[in-house]
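Student: Sharing a model that was predicted from the sequence below.
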Amino acid sequence: MAIIAKREGGKDFKPAPEGQWPAVCCDAVDMGMVKVTFENKTMEKHKARLVFMIPETDPDFDDKQFIVSATFNLTMHEKGRLRPFLESWRGKKYTDKETDAGVDIEKMVGVDALIQIVHNTGSNGKTYANVDSIMRLPKGMEKVVNDGYTRVKDREETDNTDSDATSEAAKDGYDEMPEGLDESDDLPF
């Protein structure tokens, strides 16, 4: 008797809408060493992902807030993408001393931003939302409140897709700037 497997299940998710959005960084994920191919050469690169939540909700997904992320090589080299991204967000360049000491991307979690989301079509024909640019959230602009996002490191290992299993760490402080920091101060990174 044949055992037939079909492509079933899963859900096609609508990408976050294009445009400028206030956002909050709701996760910083160390992806570890990832194999990448560039110009027919395969190598391993240390990757990290910054995850952002915007206030717009998806009516097709229980009115949950849209999530968008940006993936980077985990390096503060001036020719990499991470360093200029963070410099744009914090509103000033890093010194050599700061980058030589290392920048803790965990400190970005809970920090507000204004992001530009663009849509790109992948080789599979699907549309993806990508963070094109970032800057500090302008003074007076309403901050985004985390609506139940659970950080990857806080999810149960048995089910990494359950966004309803909100941990205390995920609920804590995403709608506020880090303690002791107001909009006119330097960001914590």
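Tutor: Cool, got the structure. Just so it is clear, the model here is predicted, and its values are computed rather than measured.
Student: tally of neighbours for I134?
Tutor: 22 (other C-beta atoms under 10 Å). All C-beta atoms are positioned from the backbone trio N, CA, C, and that covers glycine.
Student: same deal with the one 3 residues further on?
Tutor: When neighbours are counted by other C-beta under 10 Å, L137 registers 21.
Student: what's in contact with the longest helix seen in the chain?
Tutor: If you go by DSSP state H, the chain has its longest helix at helix 82-90. Helix 82-90 has contacts (C-beta atoms under 8 Å, 6 or more residues apart in numbering) with 48, 70, 72-78, 93-94, 99, 103, 105, 108, 111, 113, 133-136, 186-187, 189.
Student: Return the subset of those lying in helices.
Tutor: T99.
Student: Would you write a ChimeraX line that selects the buried entries of the contacts of helix 82-90?
Tutor: Burial among the contacts of helix 82-90 is assessed by 16 or more other C-beta atoms under 10 Å; the matching ChimeraX selection reads:
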select :48,70,72,74,76,94,99,103,105,108,111,113,134,136,187,189
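Student: I'd like to know which helix or strand in this protein has the lowest mean pLDDT.
Tutor: Least confident element among the helices and strands of the chain, by mean pLDDT, DSSP states H and E: helix 168-171 (a mean of 37).
Student: show me where this structure has strands.
Tutor: Using DSSP state E, the strands of the chain run over residues 19-38, 41-58, 64-73, 112-121, 127-135.
Student: D27 reaches A70, doesn't it?
Tutor: No: contact criterion C-beta atoms under 8 Å: D27 and A70 do not qualify, at 11.3 Å.
Student: Need the residues touching each of these two.
Tutor: Common neighbours of D27 and A70 (C-beta under 8 Å, 6+ apart) are R49, L50.
Student: Can you tell me the closest non-neighbouring residue to the most centrally placed residue in the chain?
Tutor: The centroid of the chain falls nearest to V51 when counting by C-alpha atoms, centre = their mean (1.5 Å). Of all residues not flanking V51 in the chain, D27 sits nearest, at 3.8 Å (C-beta to C-beta, 6 or more residues apart in numbering).
Student: ok, that neighbour - how many residues close by?
Tutor: Counted with other C-beta under 10 Å, D27 comes out at 23.
Student: Same question for T42.
Tutor: 8.
Student: dump the residue contacts of the closest residue to it other than its chain neighbours.
Tutor: Leaving aside its chain neighbours, T42 sits nearest to K35 (5.9 Å; criterion: C-beta to C-beta, 6+ apart). For K35, the contact set (C-beta under 8 Å, 6+ apart) comprises T42, M43, E44.
Student: Go through these and name the one nearest V144.
Tutor: E44 (34.3 Å; C-beta to C-beta).
Student: For the residue nearest to V51, give me its contacts.
Tutor: R49, L50, V51, S69, V109, Y149, R151, V152.
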